[in-house]
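1. following is a predicted model, sequence given first.
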Amino acid sequence: MTLTVGVLGTGIMGAAMARNLIKAGHTVRVWNRSADKAEPLADDGAVVAPSPAEAVRDADVVLTMLYDGAAVRDVMREAFPAVKTGAAWVQSTTVSLEDVDALAAAAAEHGLAFYDAPVLGTRQPAEAGQLTVLAAGAEDRRDIVTPVFEAVGARTVWLESPGAATRLKLVANSWVLALTHAGAETLSLAEALGVDPDKFLELIAGGPLDNGYLRGKVGLVRGDQLSPASFAVTTAEKDARLIAAAGRQHGVRLDLAEAGAERFRRAAELGHGDKDMAASYYASFDK
Ligand SMILES: NC(=O)c1ccc[n+]([C@@H]2O[C@H](COP(=O)([O-])OP(=O)(O)OC[C@H]3O[C@@H](n4cnc5c(N)ncnc54)[C@H](OP(=O)(O)O)[C@@H]3O)[C@@H](O)[C@H]2O)c1
């Protein structure tokens with residue numbers, strides 16, 4: 001099925017997703033707040049729109065991949081009047097649980113079929129069309145969102161209803177962020193104690209403590225390859241705060257998420273906000 005898809009937000013993830021939608025043969029209209037990040041997509045075959053409303057006009061599916069819930073609310077406020085009734089809205093930005101409820105209600109008010117559809121995977125899987133989509137939304141429009149999920153992802157995990165996908169996403173990110181900080185702190189401790197980090201990596205090699213993600217993130221710091229980011233420090237801080245708040249609201253104390261958010265804040269304060277979140281490493285030092 002060939003669809004017209006309006007993509008709002010062409011940052012790290014949105015641009016890659018838009019390119020894979022084009023490769024799958026869909027008509028893709030893109031908008032980004034900073035036009036310079038949307039314009040290169042014209043070379044791939046996207047129509048670059050001057051406003052959110054122009055991007056979603058005639059769209060069968062609207063895809064939002066913005067920074068946070070507030071950005072989605074603001075951008076969709078501009079887009080709603082132009083979206084055709086009955087279109088589907090795939091909301092892939094990582095947002096809070098309250099945001100999902102509010103966005104689903106706004107979708108219903110404007111006659112759109114809402115899909116809570118956060119993704120797992122970072123820049124490289126996004127570019128390769130290998131994301132995992134966590135999807136929850138009405139049964140009756142799954143036929144038009146499935147080709148979108150197939151274009152951007154390798155796997156779609158369907159969940160019962162909007163909110164369920166974001167709950168699973170926050171749980172998964174709790175694990176990812178904790179691993180990121182554990183690697184960053186372990187590397188900084190090894191260096192401070194004069195322990196060769198390779199000795200530590202050899203020690204755990206092949207055993208239950210070994211971890212490909214740890215090796216990847218530690219490698220980025222040691223190889224000075226933190227830019228361009230796959231997942232920026234500032235975005236990771238936003239997610240850490242969403243996770244900590246979700247825990248608090250549900251009676252769970254998440255000390256690692258709270259402390260991790262502070263590490264990301266300090267790393268950003270030290271000038272590493274745009275770097276990959278492995279730059280949590282720099283929060284181990286005063287400057
Ligand atoms: N990177 C990852 O590994 C990853 C993985 C899974 C999920 N996510 C989630 O996916 C979303 C996008 O992440 P990303 O890594 O692609 O981030 P990004 O590269 O920073 O892109 C963020 C996008 O949001 C736009 N934006 C921010 N504030 C806005 C506002 N107030 N109004 C309008 N547009 C606004 C930005 O526009 P400008 O270009 O004008 O700033 C940009 O297009 C986030 O929710 C993130 O948590 C990221």
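-> It's in.
2. what about Glu185, which helix or strand?
-> helix 164-192 (DSSP states H and E).
3. that helix vs the ligand: in contact?
-> No - contact of helix 164-192 with the ligand (C-beta under 6 Å from any ligand atom) is absent, the minimum separation being 7.7 Å. Yep, even glycine has a C-beta here, placed from its N, CA and C like the rest.
4. so Leu8 sits right up against Ala71, yeah?
-> No - counting by C-beta atoms under 8 Å, Leu8 stays clear of Ala71, with 9.2 Å between them.
5. quick one: Ala105 and Met76, what's the gap?
-> 12 Å (C-beta to C-beta, to the nearest Å).
6. coming back round to it: now the helix holding Glu185, how far from the centre of its chain.
-> 15 Å (C-alpha atoms, centre = their mean, to the nearest Å).
7. quick one: mean pLDDT over that helix.
-> If you average the pLDDT over helix 164-192, you get 98.
8. buried ones in that helix?
-> Along helix 164-192, these residues count as buried under the neighbour rule (16 or more other C-beta atoms under 10 Å): 164-170, 173-174, 176-178, 180-188, 190-191.
9. got it, and stretch 196-205?
-> In stretch 196-205, counting by 16+ other C-beta under 10 Å, buried: Pro197, Phe200, Leu201.
10. list of residues touching whichever helix or strand comes after the helix holding Glu185?
-> Later in the chain than helix 164-192, the nearest helix or strand by DSSP H and E is helix 197-204. With contact meaning C-beta atoms under 8 Å, 6 or more residues apart in numbering, helix 197-204 is reached by Thr186, Leu187, Ala190, Glu191, Asp210, Asn211, Arg215, Val218, Arg222.
11. just want the residue of the chain that's nearest the ligand.
-> Gly11 (2.0 Å; C-beta to the nearest ligand atom).
12. wait, that residue touches Ser34, no?
-> No - with contact defined as C-beta under 8 Å, Gly11 does not count as touching Ser34 (9.1 Å).
13. show me where this protein has strands.
-> 4-8, 27-31, 47-48, 61-64, 88-91, 113-116, 119-120, 131-137, 153-158 (DSSP state E).
14. so if I had to pick from Leu8 and Ala71, which one is more boxed in?
-> In terms of neighbours (other C-beta atoms under 10 Å), Leu8 is the more surrounded of Leu8 and Ala71; the figures are 30 against 16.
15. just the CA atoms of stretch 250-268, as PDB, please.
-> The C-alpha trace of stretch 250-268 is given here as PDB (Å, rounded to 0.1, in the frame of the first residue of the first chain):
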ATOM      1  CA  HIS A 250       3.400   4.900  40.800                       C
ATOM      2  CA  GLY A 251       5.000   4.600  44.300                       C
ATOM      3  CA  VAL A 252       8.400   3.400  43.100                       C
ATOM      4  CA  ARG A 253      11.700   5.100  44.200                       C
ATOM      5  CA  LEU A 254      14.100   5.100  41.300                       C
ATOM      6  CA  ASP A 255      17.400   6.400  42.700                       C
ATOM      7  CA  LEU A 256      19.400   5.500  39.700                       C
ATOM      8  CA  ALA A 257      17.100   7.400  37.300                       C
ATOM      9  CA  GLU A 258      17.200  10.500  39.500                       C
ATOM     10  CA  ALA A 259      21.000  10.400  39.900                       C
ATOM     11  CA  GLY A 260      21.400   9.600  36.200                       C
ATOM     12  CA  ALA A 261      19.300  12.700  35.300                       C
ATOM     13  CA  GLU A 262      21.700  14.700  37.400                       C
ATOM     14  CA  ARG A 263      24.800  13.200  35.700                       C
ATOM     15  CA  PHE A 264      23.300  14.100  32.300                       C
ATOM     16  CA  ARG A 265      22.500  17.700  33.500                       C
ATOM     17  CA  ARG A 266      26.100  18.100  34.800                       C
ATOM     18  CA  ALA A 267      27.500  16.700  31.500                       C
ATOM     19  CA  ALA A 268      25.400  19.200  29.600                       C
END
